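Participant: would you be able to build a 3D model of this:
(2 chains)
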Amino acid sequence: MNTSLDLVLQHPGIWRGDRLAQMGGDTLPTGFAELDEQLPGGGWPRGALTEILLEREGIGELRLLLPALARVSTTSEWQAWVSPPHVPYAPALSVAGVNLKQLLVVQPRSSADAWWTAEQALRSGACRAVLAWLDMPDEKRMRRLQLGAESGRAWGVLFRSASAAQQRSTAALRLRLDATANGLAVHILKRRGGYVGKPVMVNLHQTKGIRRACSAAPSLSVVQSLREASHR
Amino acid sequence: MFWLAIHFPSLPLEIFSRGSAEPEPIAVVEKQGNRSRVQACNEAASACGLRIGMPASAAQALAANLIVRMRDIEAELESLAGLAAWAGQFTPAVSLQPPDGLLMEIGSCLRLHRGLNNLKRKISSGLNEMGYTFTHACAPTPYAAWLMAVAGKEVAIRETAQLEKVLGDLPVRLLDQSQDILASLEMVGAHSLGDCLRLPRAGMAKRFGQSLLDELDRALGRLPEARIWFVPPPSFERRLEFPSQVHEAEALLFASRRLLMELEGYLNLLQAGVQEFELVCCHEHAADTVLKVGFAEPADALEHMLLLLRETLARTRLLAPVYAIVLRASRLQAMELSNLDLFHDSAATGDGNLLLERLRIRLGNEAVFSIAPASDHRPELAWRQCETTKETSSPSKLQRPLWLLPKPMPCRKDSLALKSGPERIESGWWDGKDVERDYYVAQGRNGSRLWVFRERSSGAWFVHGLFA
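Facilitator: Residues are numbered from 1 along each chain as shown, chains lettered A, B, ... in the order given. Modelled structure (predicted):
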């Protein structure tokens, strides 16, 4: 009885809901095996948007992307960073293996210009990866970015606040990052090919472990104050 | 040798009318004696009843909205030189036939253009797009080709032996002889070139002068003809006047496209590109507006130049209507010729440059940049912003954050758990921006990793970066 069922299940046209869909293989390996396993196609999707939602910045969101960005650097394709919130620090990026010759930083003055820039960069076909920090998203703008990424075959990464998790999004992949003792807990909120229950633990300091912070709880988080300062 | 002659019968008119897409009635007048007479007019004007040779005052009475321009022979010659430079993209051997023609030796480049028909198609579509009407003819001698083009006989003669038969039908008034000689030729009954050729040579030389005989011999290839080749100018500058003042960007673009086509041909001839070009919009009662369009790498393609000009125009406010534009490109750069790629696997960096240019036009040069490490121990000076990163210095393997705060931010020591450090940085006493700091990697609340320092003079703590 089971053998006949197995035969049916082996048919390539049949996809079981509990398995990850095998998407078109155009992906960029993340560099973290445990994360690759959970992503359709085994990496960051090309020709689509990836949303990264965070509560606080500085928990390792860029380090999560660095292996892929370094991989982009090995080709002659560009990457663009659109309105980064701080100075992308050249010495650190260079050490991480990002080729700065192919890194374009764009700092538009207005929010509308930033959205336009991100769309142009995605659409141009010249940028393999586009990282964007944009505010005031709406459905139309997101849709335009998604279409831009599709036509330019680019990997678009949007950084947004964790509060956006409840909003609808056209992004193909949505991740929420939480800091853990030695890395990140990556909650896959949305992916093509099914829901994931458990967060993926990514160890960002594979070389040396970091002990958990054991200091007394401070009155005010430093990053909180940073955030306020930057909004001022 | 195989020659293509192009005759521009309406050049005096077209230098004024081709700036606009809509045909407005326009007439070119010329002073004859003390009266101005209509020398040429377009279809819209003839529809109002204008005729060649009519006094200018009568013409204006016939059509109220008629645009009247004095004939400008100098501008015609400039246009002809512009056309010669444009034609240089097809063959390097171009010769002017003033006042209204070009002669091109095409025998040596037919193979490159895959045949005469292909070449003719390219030339006609280009001339049409630039707003010129023309007639053309091909022959083994330049003068025969020219005579046929002027007569409107659009044929291609390959053999010298056939010339006599074909030229025989052309009227004698096409010849470059004085009115007296042409009149006396008519009087002896020689109405066509064929009639002239049947006259006895010796007698003809005596009656009409050797020059007539020489002219016929040159046409038939019996006498060699030395032509002066056109030499392209070292820089490009072309002016285009509008029939009537222009208010809209679309109309400006239409005319600019015509000039940019000439620029493209000129650049192809020189195998050069432009890093920047200027479009000057001339206003009647205001200072000229100068639009500068820059490229990331030397450009020579029409569509590329037009696209960036369109973006630039969209960002520009013209203060007054424009009556003429001048396109100027002075700094030419040799183009690196690239070999065609057999496997088409080269990355699309061309698109990248286009992206860069479009971003720069809309956002300004300072908003688009690259970053590079700099050799300084002070963290805020260890990077710099640059237009394009050329050299790569090898930075040290010290632990550095991915985000640097532009300005260090004061913080409280008790909110931090120091993880590693200190790394002492003391530098810069010589330029007034000296630092004396001990840097630590710290863990903030909520798991963020920070790069903090203690200023040694004051003992105060600051956050300087995020290990994002």
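
Participant: identify each buried residue in stretch A:51-59, please.
Facilitator: The neighbour-count check on stretch A:51-59 (16 or more other Cβ atoms under 10 Å in any protein chain shown) flags A:51, A:52, A:53, A:54, A:55, A:56, A:57, A:58, A:59 as buried. For the C-beta atoms, the positions are set from N, CA and C on the backbone; glycine is no exception.

Participant: just give me the closest of those to residue A:75.
Facilitator: Distance to residue A:75, by Cβ to Cβ, is smallest for residue A:52 among those, at 22.5 Å.

Participant: which ones among the buried residues of stretch A:51-59 come in contact with chain B?
Facilitator: Restricting those to those touching chain B (Cβ under 8 Å from any Cβ of the partner chain) yields A:55, A:56, A:57, A:58, A:59.

Participant: need the max-distance pair from the residues you listed.
Facilitator: Maximum distance among those (Cβ to Cβ): 10.7 Å, for A:55 and A:58.

Participant: what's the local residue count around the closest residue to chain A within the stretch 351-468 of chain B?
Facilitator: Residue of the stretch 351-468 of chain B nearest chain A, by Cβ to the nearest Cβ: residue B:447 (2.3 Å). Close neighbours of residue B:447, defined as other Cβ atoms under 10 Å in any protein chain shown, add up to 22.

Participant: how near is it to residue A:152?
Facilitator: Counting by Cβ to Cβ, to the nearest Å, the separation of residue B:447 from residue A:152 is 34 Å.

Participant: name the nearest residue to the residue in chain A that chain B sits nearest to, ignoring sequence neighbours.
Facilitator: Residue of chain A nearest chain B, by Cβ to the nearest Cβ: residue A:179 (2.3 Å). Sequence neighbours aside, residue B:447 is the residue nearest to residue A:179 in space, at 2.3 Å (criterion: Cβ to Cβ, 6 or more residues apart in numbering or on different chains).

Participant: might you list the low-confidence residue ranges for the chain?
Facilitator: Reading this off chain A. Residue ranges of chain A with pLDDT under 70: A:1-2, A:12-25, A:205-232.

Participant: chain B, not that one
Facilitator: Residues of chain B that meet the cut-off, pLDDT under 70, sit at B:337-350, B:388-396.

Participant: same for the longest helix belonging to it, what does it pack against?
Facilitator: Longest helix of chain B, by residue count under DSSP state H: helix B:249-270. With contacts taken as 3 or more Cβ pairs under 8 Å, 6 or more residues apart in numbering or on different chains; DSSP states H and E, helix B:249-270 sits against helix B:73-87, helix B:116-130, strand B:236-246, strand B:272-283, helix B:302-314, strand B:322-329.

Participant: redo that, cut-off 10 Å
Facilitator: For helix B:249-270, the elements it packs on are helix B:73-87, helix B:116-130, strand B:236-246, strand B:272-283, strand B:289-299, helix B:302-314, strand B:322-329, strand B:332-334, judged by 3 or more Cβ pairs under 10 Å, 6 or more residues apart in numbering or on different chains; DSSP states H and E.

Participant: still on that earlier bit, need the overlap of contacts for residue A:55 and residue A:58.
Facilitator: Counting by Cβ atoms under 10 Å, 6 or more residues apart in numbering or on different chains, the shared contacts of residue A:55 and residue A:58 are A:179, A:223, B:446, B:447, B:448.

Participant: can you show me the helices along chain A?
Facilitator: A:2-9, A:33-38, A:61-74, A:90-95, A:111-124, A:139-152, A:222-231.

Participant: pipe the ones you listed into CSV and attach mean neighbour count per row.
Facilitator: Output for those, formatted as CSV (neighbours: other Cβ atoms under 10 Å in any protein chain shown):
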stretch, mean neighbour count
helix A:2-9, 8
helix A:33-38, 15
helix A:61-74, 21
helix A:90-95, 24
helix A:111-124, 23
helix A:139-152, 18
helix A:222-231, 16
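
Participant: can you lay out the ones you listed as a markdown table showing distance to chain B?
Facilitator: Converted to a markdown table, the helices of chain A look like this (distance: least, Cβ to the nearest Cβ, whole Å):
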| stretch | distance to chain B |
| --- | --- |
| helix A:2-9 | 39 |
| helix A:33-38 | 17 |
| helix A:61-74 | 4 |
| helix A:90-95 | 4 |
| helix A:111-124 | 4 |
| helix A:139-152 | 9 |
| helix A:222-231 | 5 |
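
Participant: quick one: the ones you listed as JSON lines, columns for distance to residue B:409 too.
Facilitator: Below are those laid out as JSON lines (distance: least, Cβ to Cβ, whole Å):
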{"stretch": "helix A:2-9", "distance to residue B:409": "58"}
{"stretch": "helix A:33-38", "distance to residue B:409": "32"}
{"stretch": "helix A:61-74", "distance to residue B:409": "19"}
{"stretch": "helix A:90-95", "distance to residue B:409": "18"}
{"stretch": "helix A:111-124", "distance to residue B:409": "24"}
{"stretch": "helix A:139-152", "distance to residue B:409": "31"}
{"stretch": "helix A:222-231", "distance to residue B:409": "6"}
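
Participant: report the contact partners of residue A:132.
Facilitator: A:49, A:80-84, A:106, A:114-115, A:117-119, A:121-122, A:145, A:156-160.

Participant: can you do 8 Å?
Facilitator: Contacts for residue A:132 were tallied using Cβ atoms under 8 Å, 6 or more residues apart in numbering or on different chains; they are A:81, A:82, A:83, A:114, A:118, A:145, A:156, A:157, A:158, A:159.

Participant: go on, residue B:427?
Facilitator: With Cβ under 8 Å, 6+ apart, residue B:427 has these contacts: B:376, B:377, B:378, B:434, B:435.

Participant: against residue B:398, how distant is it?
Facilitator: With Cβ to Cβ as the criterion, residue B:427 and residue B:398 are 14 Å apart.

Participant: same deal with residue A:154?
Facilitator: 33 Å.

Participant: the two: which is more packed in?
Facilitator: Under the criterion of other Cβ under 10 Å, the comparison of residue A:154 against residue B:398 puts residue A:154 first, with 29 against 14.

Participant: what sits closest to residue B:79 if chain neighbours are left out?
Facilitator: That would be residue B:15: by Cβ to Cβ, 6+ apart, it lies 5.0 Å from residue B:79.

Participant: next, count neighbours for that neighbour.
Facilitator: 25.

Participant: list the contacts for it?
Facilitator: B:72, B:75, B:76, B:79, B:241.

Participant: again, only this time at 7 Å
Facilitator: B:72, B:75, B:76, B:79 (Cβ atoms under 7 Å, 6 or more residues apart in numbering or on different chains).

Participant: do you know how far the nearest residue to residue B:276 once chain neighbours are set aside is from chain A?
Facilitator: In space, and not counting its chain neighbours, residue B:276 is closest to residue B:294: 4.5 Å by Cβ to Cβ, 6+ apart. Computed with Cβ to the nearest Cβ, to the nearest Å, the distance linking residue B:294 and chain A is 17 Å.
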